[in-house]
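Asker: Just a sequence and a predicted model for now, questions to come.
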Amino acid sequence: MLSICIPIYNCDVTELVGNLLTQIEENTVPAEIILIDDTSEVEFQKLNKMLSELDSVSYVQLEKNIGRAKIRNLFLSYTNFDYLLFLDCDSQILNAKFIENYLAQIVKEQKVVCGGRTYPVVLPPETHYLRWKYGLERECLPANRRGQKPHQSFMTNNFLIQARVLTQISFDERITEYGHEDTLFGYRLKQSNIPVTHINNPVQHLYTESNVEFLKKTELGLKNLIKIRKFVDNKDFDNEIKLLRVYRKASRFGLKHVLSFAYILTGTLILRLLKNNTGGIYLFDLYKLLFLSKQIK
């Protein structure tokens, strides 16, 4: 019935797998857990490989890093059931009925289901505040909010999908760098008229990057978004993403060069403020717009 797929990179998934196995046993459901390690450090490889000694757990070690898109497609080569549940390796199960809630969606024959995410409520140190604050305000949304724009709200951290849907759509393996593979996948689901259902069945995101790490990953993600935009080559894609909509509107009013120049003048200052936790989420939004405007040729 259910294949639980966990792509791993530099993370110990022992607790996560243990919690999942407990719930599988409680629900007496045919299920398996597939772990694929995308060339983690050796210490994590050793820890996670031991989990393959448990019933219903398989471990695959990759010799070369293949990235977030290709690794998700790869799970189809190792799974045996009609439904795949993808979980990020740094997830924590909060609900004793987590698996049961997804089984109810399988009974309804839903094609794609997103459970959502939460972040720890404990205030992190200032050096890690930006990622935590962004996660709380922009990502920790209830199902009714996510359901207003179901495809745009698609996230890969915690989602259920029919195997045949993943075979039909698949993640675009041209995406080898970090960022926005979920954005493109959600867009393609919409283009194919495949519904995305949102439920309140979140996992908690355990690892919060530092401000510096988060900003660096944001810049990588924006560069990747520009690449994706080029090979999609469809104005509808821009309309699906608020940042691109704002950029296009500004460009129509002849403001692209103004934004690019503003980045040259103020980008370093804004980045310093964000790293030092002096700016807020809206300043972060502005930085993304300025950075994007400078990067798009």
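Answerer: Arrived safely, thanks for sending.
Asker: okay, CA-based contacts and neighbour counts for the rest of this
Answerer: Noted.
Asker: so which helix or strand takes in residue 185?
Answerer: Residue 185 belongs to helix 181-191 when assigned by DSSP states H and E.
Asker: Return the alpha-carbon coordinates of that helix using PDB.
Answerer: Provided in PDB are the C-alpha atoms of helix 181-191 (Å, rounded to 0.1, in the frame of the first residue of the first chain):
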ATOM      1  CA  GLU A 181      12.300  21.900  -8.000                       C
ATOM      2  CA  ASP A 182       9.000  21.900  -6.000                       C
ATOM      3  CA  THR A 183       7.800  25.100  -7.600                       C
ATOM      4  CA  LEU A 184       8.200  23.600 -11.100                       C
ATOM      5  CA  PHE A 185       6.700  20.300 -10.000                       C
ATOM      6  CA  GLY A 186       3.600  22.000  -8.600                       C
ATOM      7  CA  TYR A 187       3.300  24.000 -11.800                       C
ATOM      8  CA  ARG A 188       3.400  20.900 -14.000                       C
ATOM      9  CA  LEU A 189       0.800  19.200 -11.800                       C
ATOM     10  CA  LYS A 190      -1.400  22.200 -12.500                       C
ATOM     11  CA  GLN A 191      -0.700  22.100 -16.200                       C
END
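Asker: Determine the three-state secondary structure at the residue lying farthest from the centre of the chain.
Answerer: Centroid-distance maximum for the chain: residue 254 at 33.5 Å, with Cα atoms, centre = their mean. Following DSSP: H, G, I helix; E, B strand; the rest coil, the label given to residue 254 is coil.
Asker: If I look at it, what pLDDT would I see?
Answerer: The model reports residue 254 with a pLDDT of 90.
Asker: how about the helices in the stretch 151-297 of the chain?
Answerer: Counting by DSSP state H, counting those that start in this stretch, the stretch 151-297 of the chain has helices at residues 163-168, 181-191, 211-232, 235-239, 242-252, 256-275, 281-295.
Asker: quick one: average pLDDT of the strand or helix carrying residue 68?
Answerer: Using DSSP H and E, residue 68 maps to helix 67-74. The average pLDDT within helix 67-74 is 95.
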